[in-house]
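Novice: I'll drop the sequence and a predicted model, then ask my questions.
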Amino acid sequence: MTDPNMTKDPLVEMQDIHISFGGVKAVDGVSIDLYPGEVVGVLGHNGAGKSTLIKILSGAYQADSGQIIVDGKEAKIENARDARDNNIETIYQNLALADNLDAAQNLFLGREITDKFGFLDDAAMEHKAREVLHRLNPNFKKFTSPVSALSGGQRQSVAIARALLFEARVLIMDEPCAALGVHETKMVGELIDQLKRDGLGILLISHDLHDVFDLSDRLHVMKNGKLVGSVRTEDVTHDDVLGMIILGKMPEHLLHLAGPGATNATGAANGTTHR
Amino acid sequence: MSRLLSKMEVDRRLVGLAVVLLIIWVGFDIASGGRFITPRNIFNLSVQTASVAVMACGMVLIIVTRHIDLSVGAVLGVLAMIMGVVQTDVLPQFLDYNHPLTWVLTLLVGIVVGGLIGSIQGVAVGYLGVPAFIVTLGGLLVWRGSAWWVTQGRTVAPLDQNYILLGGGIEGTIGATWSWIVALIAILAIIYAAIMERRRRLSFEFPVKPIWAEYTNTIIKAGLVLVVVATLNAYHLPTRAAERLLENKGIPVTPENLEISHGIPIPLLIVALVAIILTIAVKRTRFGRYVFAIGGNPQAAELAGINVKRMTVAVFALMGVLCAISAAISSARLQSAGNDLGTLDELRVIAAVVIGGTSLAGGLGTIYGALIGALVMQSLQSGMALLGVDTSLQSIVIGLVLVVAVFSDKYFHRRYSDPTA
């Protein structure tokens, strides 16, 4: 527990989450946590249950049992709106932007600013959009073009800005670097670093280790609906993590940190059980 | 040229459409020996376009949300029949013939029933998940059949004296003085809107277009209003009709006061009103923003908290209401309601919308584009009729024009569209 972040209380904890679909246990007793100013990767093969777990947090699914604790209080998250009310924002893989609308229109979609007659106040929205996007990405210029004209990284900026604008404290990013070029990936990495400095907690969901290894402070690895283990990135190598993803086993030298789903479980890592 | 247009922030597609329209008009004028671009023909053209134009405004929203409505012609038919029966059989039991309230109540019934029909179809599309193509194809048969059942096929006539003014006959215009007043209001509104928009952008220190572009834009728009109104005012009533009008009002007939202008026909005024309201709805309200968001990415819209199902019902209901207004215009113009009214109108409406630049893939389209599209379609039809072209050949030409229009739009858009523009 040398990481200064760990002295704070977690932003979000998911405790003993279970969900099944038609007898298949998609998530089976998984507990994860996330601290302010921390980037945590959730890794696993397709079908490992990582997306399902995260969709429970973002309100798309409801757990059969288990608790979600936000800021030390139990939160009921039954839909996307509940998640937003708890300052949890999700950026989906398909980016969830309307291609034909411009950046400001996308940023405020569903929460438009209106004037005293109830008409849309586009100038005010563009003003705010310029402010937020400038902070995130000073090179962003295309405010009046539809987002279909933007590059992948710029679109990612818009999606992240959208989350920031509504005071997200927990940001869930599903495959944040999928379909991005080298330069774009670097740009998203810089964005994530900046958000981290601002004290947000970020969950990165990916099946590709390389996408998230360098960005993450900690990794939760899942296999077959169970948590294999939670490790600090600095304690492990790529090969260790690959072993966790593929074999579902904790690396030998870290066995004492293994999660409840792993063989030789000795209790969950990093403060998920101290409560 | 293209840099000039982008500086002025003019929609390139709009310019293309205007050029096409101009070519069609000049072409027919030359071919007909100067009989096409006359006050009389322009007046008739505006009245003939009105019914399709009103429906086209609603169809833009339907197609932008990635749906289609094939039932509009049939819905127009059944609504015209219902409104016919309401004003000739039902209301006269309570009100006198030609009572000033008759047309209002009739139109109200039409709008309510139209909204209901649209809502039913919208629920089937939005909540039951039946593709709009199927729902409205079924609707086409259902409502056309219903139109027959209203009176067992009997044509309803004569209609209420005030109601038929909606069709823009000899008396269905607002006259010269009021036309100029409308023009003045329109021009003031254009100038006011331009100033407000510029001031608003400047207050946030956003880039604005150069001042000469503002002036040019405003002068072109205002000039267009003046030309249209002047043209409509230049079309005088036939001598016999003018005489009758003066005699009815007890004014002595002299050669000078026989020169009575038509002015703006009421149906054109209705089109303008519908188009302005819908343009504001599209650009300045949540409703419009959501319509386009749904068209651009339905999933994103849903995730942003937009109730896509309810929006679908609202858009179809609006289409039904506009069908009622169109039904009033076209039955009033014919001064009777027959159960075949509006046959094939769905195709004219969809063609107008597509020619006007609305993408069938959704998410893209404008109200003013659809209006010009409707005018292009009607100009072709009227022009060919004026030249005595066979009806069968007219259909062939219009069919081909539709395909060519969509092709050229795709081609030019791909070739000249600047992804950063």
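Specialist: Nice, thanks for sending it over. This one's a predicted model, so the numbers in the text were calculated from it and none came from an experiment.

Novice: Considering only helices and strands, which part of the chain has the lowest mean pLDDT?
Specialist: Went with chain A since none was named. When each helix and strand of chain A is scored by mean pLDDT, DSSP states H and E, helix A:209-213 comes last, with a mean of 81.

Novice: Same question for that one: list its buried residues.
Specialist: A:Leu209, A:Asp211, A:Val212, A:Phe213 (16 or more other Cβ atoms under 10 Å in any protein chain shown). (Each C-beta comes from the backbone N, C-alpha and C, glycine too.)

Novice: what does stretch A:47-62 give?
Specialist: Those would be A:48-61, for stretch A:47-62 by 16+ other Cβ under 10 Å.

Novice: Stretch B:260-272 too?
Specialist: In stretch B:260-272, the ones that count as buried by 16+ other Cβ under 10 Å are B:260-272.

Novice: quick one: which of the residues you listed sit in helices?
Specialist: Members of the buried residues of stretch B:260-272 lying in helices (criterion: DSSP state H): B:Ile266, B:Pro267, B:Leu268, B:Leu269, B:Ile270, B:Val271, B:Ala272.

Novice: Just to check, the fourth one is in contact with B:Trp178?
Specialist: No. Using Cβ atoms under 8 Å as the test, B:Leu269 is too far from B:Trp178 to be in contact (9.6 Å).

Novice: Spell out the secondary structure type for the nearest residue to A:Phe140 once chain neighbours are set aside.
Specialist: With sequence-adjacent residues excluded and distances taken as Cβ to Cβ, 6 or more residues apart in numbering or on different chains, A:Phe140 is closest to A:Leu133, at 4.6 Å. Classification of A:Leu133 using DSSP: H, G, I helix; E, B strand; the rest coil returns helix.

Novice: what sits against A:Leu133?
Specialist: A:Leu133 makes contact with A:Ala103, A:Phe140, A:Phe143, A:Ser157, A:Val158, A:Ala161 under the criterion Cβ atoms under 8 Å, 6 or more residues apart in numbering or on different chains.

Novice: how about the strands in the stretch 151-275 of chain A?
Specialist: A:170-174, A:201-206, A:218-223, A:226-232 (DSSP state E, counting those that start in this stretch).

Novice: count of neighbours near the residue of the stretch 1-150 of chain B found nearest chain A?
Specialist: Chain A sits closest to B:Val64 of the stretch 1-150 of chain B, with a gap of 8.9 Å, by Cβ to the nearest Cβ. Applying other Cβ atoms under 10 Å in any protein chain shown, we find 27 residues neighbouring B:Val64.

Novice: Quick check: chain neighbours aside, which residue is closest to it?
Specialist: B:Gly295 (4.3 Å).

Novice: which element is that neighbour on?
Specialist: helix B:286-296 (DSSP states H and E).

Novice: Repeat that for A:Ile68.
Specialist: Element membership of A:Ile68 [criterion: DSSP H and E] is strand A:65-70.

Novice: Flag every buried residue along that strand.
Specialist: For strand A:65-70, the neighbour count (16+ other Cβ under 10 Å) marks A:Gly66, A:Ile68, A:Ile69, A:Val70 as buried.

Novice: Kindly export stretch B:192-204 (C-alpha atoms) in CSV.
Specialist: Provided in CSV are the C-alpha atoms of stretch B:192-204 (Å, rounded to 0.1, in the frame of the first residue of the first chain):
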residue,chain,number,x,y,z
TYR,B,192,-34.0,40.7,-37.7
ALA,B,193,-33.0,37.1,-37.7
ALA,B,194,-29.7,37.9,-39.5
ILE,B,195,-28.8,40.7,-37.0
MET,B,196,-29.7,38.6,-34.0
GLU,B,197,-27.7,35.6,-35.2
ARG,B,198,-24.6,37.8,-35.9
ARG,B,199,-24.9,39.6,-32.6
ARG,B,200,-25.2,36.3,-30.7
ARG,B,201,-22.1,34.8,-32.3
LEU,B,202,-20.1,38.0,-31.7
SER,B,203,-21.1,38.1,-28.1
PHE,B,204,-19.3,34.7,-27.7
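
Novice: what's B:Pro158 sitting at in phi/psi?
Specialist: When read as degrees, to the nearest 10, the backbone of B:Pro158 gives phi -80, psi 160.

Novice: What is the neighbour count of the closest residue to it other than its chain neighbours?
Specialist: Counting by Cβ to Cβ, 6+ apart, B:Pro158 lies nearest to B:Gln335, which is 6.4 Å off, once chain neighbours are set aside. Neighbour count of B:Gln335, defined by other Cβ under 10 Å: 15.

Novice: Might you calculate how far the longest helix along chain B sits from the centre of the chain?
Specialist: If you go by DSSP H, chain B has its longest helix at helix B:175-203. On the basis of Cα atoms, centre = their mean, to the nearest Å, helix B:175-203 sits 21 Å off its chain's mean C-alpha point.

Novice: Dump the helix or strand that it is followed by to PDB, keeping only the CA atoms.
Specialist: Per DSSP H and E, helix B:175-203 leads on to helix B:211-233 as the next helix or strand towards the C-terminus. C-alpha atoms of helix B:211-233 as PDB (Å, rounded to 0.1, in the frame of the first residue of the first chain):
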ATOM      1  CA  ILE B 211     -20.200  41.600 -43.500                       C
ATOM      2  CA  TRP B 212     -20.600  41.700 -47.300                       C
ATOM      3  CA  ALA B 213     -21.800  38.100 -47.200                       C
ATOM      4  CA  GLU B 214     -24.400  39.000 -44.600                       C
ATOM      5  CA  TYR B 215     -25.700  41.800 -46.800                       C
ATOM      6  CA  THR B 216     -25.700  39.700 -49.900                       C
ATOM      7  CA  ASN B 217     -27.500  36.900 -48.200                       C
ATOM      8  CA  THR B 218     -30.100  39.200 -46.700                       C
ATOM      9  CA  ILE B 219     -30.600  41.100 -50.000                       C
ATOM     10  CA  ILE B 220     -31.100  37.900 -51.900                       C
ATOM     11  CA  LYS B 221     -33.600  36.500 -49.500                       C
ATOM     12  CA  ALA B 222     -35.600  39.800 -49.300                       C
ATOM     13  CA  GLY B 223     -35.400  40.200 -53.000                       C
ATOM     14  CA  LEU B 224     -36.900  36.800 -53.500                       C
ATOM     15  CA  VAL B 225     -39.800  37.600 -51.300                       C
ATOM     16  CA  LEU B 226     -40.400  40.800 -53.200                       C
ATOM     17  CA  VAL B 227     -40.200  39.100 -56.600                       C
ATOM     18  CA  VAL B 228     -42.600  36.300 -55.600                       C
ATOM     19  CA  VAL B 229     -45.200  38.700 -54.200                       C
ATOM     20  CA  ALA B 230     -44.900  41.200 -57.100                       C
ATOM     21  CA  THR B 231     -45.500  38.300 -59.500                       C
ATOM     22  CA  LEU B 232     -48.500  37.000 -57.600                       C
ATOM     23  CA  ASN B 233     -49.900  40.600 -57.500                       C
END
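
Novice: Good, wrapping up.
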